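*Asks:* Structure here, sequence nowhere to be found:
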């Protein structure tokens, strides 16, 4: 596998919601075993020569010269070359962008064949690669500019390219998911349900929720249930099993495991300590009177 990657580290970062992170040129040579992987950024994948197939999660589709694939952040994917027609391709990694193929209502990836103006895209990509291979004065401005022009042309002709507005939309949808969890944490809430509720790909939802809230949606749900369980343990006589069931945990053992992981002690020990503290407080109050 012949592979050359050039990380983009400009001396002066141009103020933009979109940032080029890297450019890679790869050529299959029989020694590459591709594995499914994800990136925190979006990727644009362009086939120069050869053929193979691209896999996004459990979907596969063929690749031929001049095909382009746009993959959104946190979407599992990989590419595989046919040995009798070795693939050569360019990949660029871009931060702060999210692609939406409105023709297919697809939020994970966009597959582009029979590209209009493909000579323009090829020019942008080859120039990017050349500038990264042999950096000269001003190459950071040229590379950043070429990236924005390429994305603008994609947005004009083919696919919706969300920049800051996409992040604002993701933030709004994460707020919607968080509010739903706060109001319905005792229900059976799954990641698939929250993705459907917010009209987001579930992998992108996890990424965006982590960015906005600081944890995944499911971890936020568990934390919300743990908070309520502390109140119930301290103020009611419900058994651990009853509290587990009321709050929507799959089993008492999973509730106890989650509680201890969060607080360092199990539910029963937490209740004992809470009751001792309450009794001590009552005794102190009586003594003062």
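*Replies:* Yep, it's here. Small disclaimer: the values here were computed from a predicted structure and weren't measured. Residues are numbered from 1 along each chain as shown.

*Asks:* How far away from the center of its chain is the host helix or strand of residue 193?
*Replies:* Per DSSP states H and E: residue 193 is located in helix 191-198. Remark: helix 191-198 is offset 14 Å from the chain centroid, using CA atoms, centre = their mean, to the nearest Å.

*Asks:* Equivalent analysis for stretch 56-65, please.
*Replies:* 20 Å.

*Asks:* Tell me the span between the first and last residue of it.
*Replies:* Terminal residues of stretch 56-65 lie 19 Å apart, using CA to CA, to the nearest Å.

*Asks:* Wait, residue 234 touches residue 275, no?
*Replies:* Yes: between residue 234 and residue 275 there is a contact under CB atoms under 8 Å: 7.4 Å. Heads up, the C-betas are built off the backbone N, CA and C, glycines and all.

*Asks:* Tell me where the stretch 1-150 of the chain is predicted with low confidence.
*Replies:* 1-17, 30-33, 102-106 (pLDDT under 70).

*Asks:* Just the mean pLDDT for the helix holding residue 193, thanks.
*Replies:* For helix 191-198, mean pLDDT is 89.

*Asks:* Please apply the same query to stretch 213-230.
*Replies:* For stretch 213-230, the per-residue pLDDT averages 92.

*Asks:* contacting residues around it?
*Replies:* Contacts with stretch 213-230, where a contact means CB atoms under 8 Å, 6 or more residues apart in numbering, come from 174, 177-178, 181-182, 185-186, 189, 191, 194, 205-206, 209-210, 243, 247-249, 255, 258-259, 262-263, 267, 270, 274.

*Asks:* Just the buried ones from those residues?
*Replies:* Using 16 or more other CB atoms under 10 Å as the burial test, the contacts of stretch 213-230 include 174, 177-178, 181, 185, 189, 191, 194, 205-206, 209-210, 243, 247-249, 255, 258-259, 262, 267, 270 as buried.
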